[in-house]
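Undergrad: everything below, folded, please.
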Amino acid sequence: MSDHQIQSGEQLRAIVGEVNPVTSLKLGAALDAAARDFIARSPFLVLSTSDTEGNQDVSPKGDAPGFVAIEDDQTLLVPDRKGNRLIYGLQNILANPHVGLLFMVPGTSETLRVNGAASLTADPDICARLSARGQPAQLAIRVTVRECFFHCGKAFLRAQLWKPETWPHHTVSFGKILARKVGADETMAEQIDEVIADDYRNNL
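TA: Purely as a prediction, here's the structure:
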């Protein structure tokens, strides 16, 4: 084992330092007005889950700003819509309700972190409330908020994430990825990509 491997909280604090008392003041156990406003403006979040053995998954969720409904200062409703049907995160919630959410607003360097306990519901009224493009949500993730706070913008500033002039042009070709796995040719790759593009256009 390397002599430089960190194995204790004391070692970690010796490198990172102690928490500034002012920083601790931003931690809350419920959604305040600033958090509610941020969620109402957010079109995108990532949802972190894990199973009972600690195996983790992070899943993106996105739609029009305000797609996450706020029931009250302790409760959020996150719609689950059509996807790849792997349902890793949803299965994790059934096994282990502890979740973390990171809300983002384009052009804003700060993010909102929410930690809590989640459950799944297929209540027709809730799914209808979370409708988009004329379709109700397949189900909803109800999150009971246990901790909520804003994260500073340093990571986004370092990454220059909201500066379009720094963005690389990159497209993921699922067709090429899948074609390689099954030994298919470029024609098959193009056909797969067209099917996926059509799904993006017509099946959100």
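
Undergrad: average pLDDT across the helix or strand hosting Val195?
TA: Per DSSP states H and E, Val195 falls inside helix 186-202. Computed over helix 186-202, the mean pLDDT rounds to 91.

Undergrad: again, but for stretch 74-89
TA: 94.

Undergrad: CA-only coordinates of that stretch in PDB, if you can.
TA: Output of stretch 74-89 as PDB, limited to C-alpha atoms (Å, rounded to 0.1, in the frame of the first residue of the first chain):
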ATOM      1  CA  GLN A  74     -39.500  19.000   2.300                       C
ATOM      2  CA  THR A  75     -40.800  17.200  -0.800                       C
ATOM      3  CA  LEU A  76     -39.900  17.100  -4.500                       C
ATOM      4  CA  LEU A  77     -41.500  15.200  -7.400                       C
ATOM      5  CA  VAL A  78     -39.100  14.200 -10.200                       C
ATOM      6  CA  PRO A  79     -40.800  12.800 -13.300                       C
ATOM      7  CA  ASP A  80     -39.400   9.700 -14.900                       C
ATOM      8  CA  ARG A  81     -40.000   9.600 -18.700                       C
ATOM      9  CA  LYS A  82     -39.200   7.200 -21.600                       C
ATOM     10  CA  GLY A  83     -35.600   6.100 -21.700                       C
ATOM     11  CA  ASN A  84     -33.400   3.100 -22.200                       C
ATOM     12  CA  ARG A  85     -35.300   0.900 -19.700                       C
ATOM     13  CA  LEU A  86     -32.300  -0.200 -17.800                       C
ATOM     14  CA  ILE A  87     -33.900   1.300 -14.700                       C
ATOM     15  CA  TYR A  88     -30.700   1.100 -12.600                       C
ATOM     16  CA  GLY A  89     -31.500   4.100 -10.600                       C
END
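
Undergrad: and that stretch, how far out from the chain's middle?
TA: Relative to its chain's centre, stretch 74-89 lies at 10 Å (Cα atoms, centre = their mean, to the nearest Å).

Undergrad: tell me where this structure has strands.
TA: Ranges of strands in the chain, per DSSP state E, are 44-50, 56-62, 69-72, 75-80, 98-104, 111-121, 139-151.

Undergrad: show the contacting residues for Arg133.
TA: Leu204 (Cβ atoms under 8 Å, 6 or more residues apart in numbering). No exception for glycine: its C-beta is placed from N, CA and C like everyone else's.

Undergrad: remind me which residues of the chain are low pLDDT?
TA: Low-confidence segments of the chain (pLDDT under 70): 1-2.

Undergrad: can you give the domain ranges for it?
TA: 9-159, 171-202 (automatic domain parsing).

Undergrad: out of the ones you listed, deepest packed?
TA: Stretch with highest mean neighbour count among the domains of the chain: domain 9-159 (a mean of 15; mean count of other Cβ atoms under 10 Å).

Undergrad: most centrally placed residue in the chain?
TA: Val46 (0.7 Å; Cα atoms, centre = their mean).

Undergrad: once you drop chain neighbours, what's closest to it?
TA: Spatially, and ignoring its direct neighbours in sequence, Val46 is nearest to Leu102 (4.9 Å; Cβ to Cβ, 6 or more residues apart in numbering).

Undergrad: show me the beta-bridge partners of the one you found.
TA: Beta-bridge partners recorded for Leu102 (DSSP bridges): Val46, Arg113.
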